[in-house]
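Enquirer: please find the sequence and the predicted model below.
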Amino acid sequence: IDEIMSVTLDQLPLREDLRGRSPYGAPQLDVPVRLNTNENPFPPPAELVDDVASAVREVARNLNRYPDRDAIALRRDLAAYLTSATGVPLTERHVWAANGSNEILQQLLQAFGGPGRSALGFEPSYSMHPIISAGTRTEWVPTPRRDDFTLDAERAAAVVADRAPDIVFVTSPNNPTGGSVPLEDLEAILRAAPGLVVVDEAYAEFSSRPSAVHLLAKFPAKLVVSRTMSKAFAFAGGRLGYLAAAPAVVDALQLVRLPYHLSSLTQAAARAALRHADATLRSVATLAAERDRVAEGLRQLGFEPVPSDANFILFGRFADPTAAWKSYLDSGVLIRDIGIAGHLRVSIGTPDENDAFLQASKEVPR
Ligand code: PMP
């Protein structure tokens, strides 16, 4: 057993391009107040828990059989939800689902990226975009945002036209900075892009801006809108992400997805959770109001919260963010050190958790 333990990464025939890289690393620590991964802090309502349990019990009878490979019923339910949320008529043919939107993004890169191809993103943004690009050997083209973290659409479109990436990622609302991108700015990027534009709308439900889904009819061969049940839907543990796009995009992803990638348990649980969407999504208004309260509380303490349309806030300024992060942790509040100079990110929790965070903010070293 000692020999097994002493093998190091350098002794493995790992791909050269993966050597020295760091994995995705949000710490999972058992502390009283966890505000570090942008989850919905409200547990699912009891009726949803019961419905998930009985749906899973029902499909458990057939666990000897593979699940519906194309997850048609689930995709139909997701399309109905998106249609009701946006008013854009979508069917299961426009929707694809996977184990979290991370898997959606990975499948997109497998089909549309890869060796000799490139993906461009506006940083700082979601750290998995470059990590999944690296995993699929897609060249990553980082492009800076403005100093205030907003996106300069004209400049963005010029860089996209110049670099001609196969895939452009636009995260709206953007993680970790919180702001969303207006549709006219997205259009400018879509017009300039020679390839796919993936709008990552993981936090869309928290934003008052219209979804990029409204642009699908205008840019059917370019636009993909990625969504997730991990945030507003309070279903992070269920692992269910999805996209809306032209049916041809769904056809393309079927070339790379693993057969039966969505277990029958996942499909049944997600459909049960979707039946309770109205109840779950009621927390969105509470969280948006709490976000505004936390931002105001931070301002009153002399911090600079970045305007957010999501369920988290990037805020500064700290001389030493890592020391400040540690001080929060010592007070039992886990937030996120994203590696942005002078800043930390806090997810919006329950009112009590937010109070604990604001209380800890009074004592944190700046
Ligand atoms: N996109 C963004 C912008 C995110 O912040 C996250 C989660 N942190 C994801 C995608 C992936 O979430 P999931 O795989 O749980 O859907």
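Expert: That came through, no problem. Numbers count the residues shown, from 1 in each chain.
Enquirer: would you list every one of the strands in the stretch 51-200 of the chain?
Expert: Listed in chain order, the strands of the stretch 51-200 of the chain (DSSP state E, counting those that start in this stretch) span 95-98, 118-123, 139-144, 167-171, 196-200.
Enquirer: contacts for the next helix or strand after the last one?
Expert: With elements assigned by DSSP states H and E, the helix or strand that comes after strand 196-200 is strand 223-228. Contacts with strand 223-228, where a contact means Cβ atoms under 8 Å, 6 or more residues apart in numbering, come from 82, 100-101, 104-105, 108, 190, 196-202, 204, 211-213, 215-216, 240-245, 249. For glycine as for every other residue, the C-beta is placed from the backbone atoms N, C-alpha and C.
Enquirer: what of stretch 96-104?
Expert: 71, 74-75, 78, 107, 128, 132, 200, 202, 226-228, 230, 239-243, 245, 249-250, 253, 257, 261-262, 266, 270.
Enquirer: quick one: closest of the strands of the stretch 51-200 of the chain to Ala277.
Expert: Nearest to Ala277 among the strands of the stretch 51-200 of the chain is strand 95-98 (14.8 Å), distances taken as Cβ to Cβ.
Enquirer: the closest one close to the ligand?
Expert: No. Using Cβ under 6 Å from any ligand atom, strand 95-98 never reaches the ligand; the gap is at least 8.6 Å.
Enquirer: say whether the ligand is contacted by stretch 14-33.
Expert: No. Counting by Cβ under 6 Å from any ligand atom, the ligand is not contacted by stretch 14-33; separation bottoms out at 8.0 Å.
Enquirer: CA atoms of that stretch as CSV?
Expert: This file holds the C-alpha atoms of stretch 14-33, laid out as CSV (Å, rounded to 0.1, in the frame of the first residue of the first chain):
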residue,chain,number,x,y,z
LEU,A,14,0.0,12.5,-18.0
ARG,A,15,-0.6,14.7,-21.0
GLU,A,16,2.2,17.4,-21.2
ASP,A,17,-0.4,20.1,-21.5
LEU,A,18,-2.1,19.1,-18.2
ARG,A,19,1.2,19.1,-16.1
GLY,A,20,1.4,21.8,-13.5
ARG,A,21,-2.3,22.8,-13.8
SER,A,22,-4.6,23.2,-10.8
PRO,A,23,-8.0,21.5,-10.5
TYR,A,24,-11.3,23.4,-9.8
GLY,A,25,-10.9,24.1,-6.1
ALA,A,26,-13.7,25.6,-4.1
PRO,A,27,-13.0,24.4,-0.6
GLN,A,28,-15.7,22.2,0.9
LEU,A,29,-15.5,22.9,4.6
ASP,A,30,-17.9,22.1,7.4
VAL,A,31,-18.5,25.6,8.9
PRO,A,32,-21.7,27.2,10.2
VAL,A,33,-22.2,29.7,7.4
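Enquirer: how far off centre is it?
Expert: Here stretch 14-33 shows a centroid-to-chain-centroid distance of 17 Å under the convention Cα atoms, centre = their mean, to the nearest Å.
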